[in-house]
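*Asks:* kindly return the folded structure for what I paste below:
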Amino acid sequence: MSKNNLPKIRVLLDTDASNEIDDQHAIAYLLLSGDRFILEGITVNRTNNGGDIHEQAKEAERVIKLCDMDDKISVTLGASDSFSQTHSKVMKPIFDGSDAVDLMIEKAHRHTSQNLTILAIGKLTNVALAIKKDPTIVSKIKVVWLGSNYPFPGEYNLESDWESMNFVIASGVLFEIAVVRYKEKSGTTAVTVTPQDLEKNIVGNGPKLDKAVIGRNGGEFFNFGDYSFNLLDNVYLFGDPPSRPLYDMAAVAIIKNPEWAKKKEIPSMLYKDGTWDAEPDLDTNICIYEDFDKEKILEDFFSSVKNYKKVDVL
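*Replies:* Next comes the predicted model:
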């Protein structure tokens, strides 16, 4: 049992780790929050930014090393192509993304009193392919996704493979969306950090390594806090004061404590031709998280890196 006698949450993380700088913070937050989580695996997918599937894996592996957990965690390769390009091949022994898909199915069927939470912070291709290959996992998983500007159009993770999202929704799986909503204070876009925030709260924190990890932008790092600052230092900042959203990290936060955002059920919807369309005859199970409590989320994130408890790995 974790603190406050709450059961630890079984999580499998699916990420396009090298796409931006928020995935890295989500990975570290999850790995260093062992008071609340049990890790069932980390899978990667490829989107348009951050290189090929191997570069996505390398960035996830950097963060795992910086959390001093590379002896316990390996990264499983997932899909490079889209759901529409791949779904017809899922019954073959090997296909694009098959390792990640098989891992999701295996972990979903693990005999436990608690369903598996699949936290997807990139496109939903791997998740959709897993459901396509084995629809019986629908009753054994919850999918939490960082994505969409719902009810508005667009958003990177959605546009990277909107057909996979529609398939996940139509499956009837319990589907919770941490909405992004670019330029809107009601989405994870509002969970921003400045260089000053990181310098004050995270630099130098996390497990201390004896051997340096070479960063994505070069340089040597001996803890995640220093790498966090370097990541922010190598991207464009915007707003007043200049800052950057840590979208994906907020998705970890609302699994850890759902009270750090407002949860709302939404009617049956699919995304078509750049708009959300009502589907009243479709039996879906969707809710969204919005209005994120930035201060509490950042406070817990910084505390988790500083006063870390490494996650148990199954």
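
*Asks:* what ranges do the helices span in the stretch 151-300 of the chain?
*Replies:* Secondary structure of the stretch 151-300 of the chain (DSSP state H, counting those that start in this stretch): helices at 156-160, 162-170, 195-201, 224-233, 247-256, 294-306.

*Asks:* give the buried residues for the helix or strand containing D99.
*Replies:* Using DSSP states H and E, the element containing D99 is helix 98-108. The neighbour-count check on helix 98-108 (16 or more other CB atoms under 10 Å) flags 98-105, 107-108 as buried. Backbone N, C-alpha and C define where each C-beta goes, glycine included.

*Asks:* other SSEs contacting that helix?
*Replies:* Applying 3 or more CB pairs under 8 Å, 6 or more residues apart in numbering; DSSP states H and E, we find helix 98-108 packed against strand 9-15, strand 37-44, strand 75-77, strand 116-120, helix 125-133.

*Asks:* helices or strands up against the third one?
*Replies:* What it means is strand 75-77. Checking 3+ CB pairs under 8 Å, 6+ apart, strand 75-77 ends up next to strand 37-44, helix 53-66, helix 98-108.

*Asks:* report the inter-axis angle for the second one versus helix 224-233.
*Replies:* An angle of 140 degrees separates the directions of helix 53-66 and helix 224-233 when computed by axes from the mean of the first three to the mean of the last three CA atoms, to 10 degrees.

*Asks:* what's the average pLDDT for helix 53-66?
*Replies:* Across helix 53-66, pLDDT averages out at 98.

*Asks:* any idea how far the one residue sitting closest to the centre of the chain is from G219?
*Replies:* The centroid of the chain falls nearest to I121 when counting by CA atoms, centre = their mean (3.0 Å). Per CB to CB, to the nearest Å, I121 is found 24 Å from G219.

*Asks:* not counting sequence-adjacent ones, nearest residue to Y29?
*Replies:* V252 (4.7 Å; CB to CB, 6 or more residues apart in numbering).

*Asks:* if I read this right, that neighbour contacts R36, doesn't it?
*Replies:* No: judged on CB atoms under 8 Å, V252 makes no contact with R36 at a distance of 9.5 Å.

*Asks:* between these two, tell me which one has more neighbours.
*Replies:* Comparing V252 with R36 by neighbour count (other CB atoms under 10 Å), the higher total belongs to V252, at 30 against 22.

*Asks:* so who does the more buried one touch?
*Replies:* 26, 29-30, 33, 119 (CB atoms under 8 Å, 6 or more residues apart in numbering).
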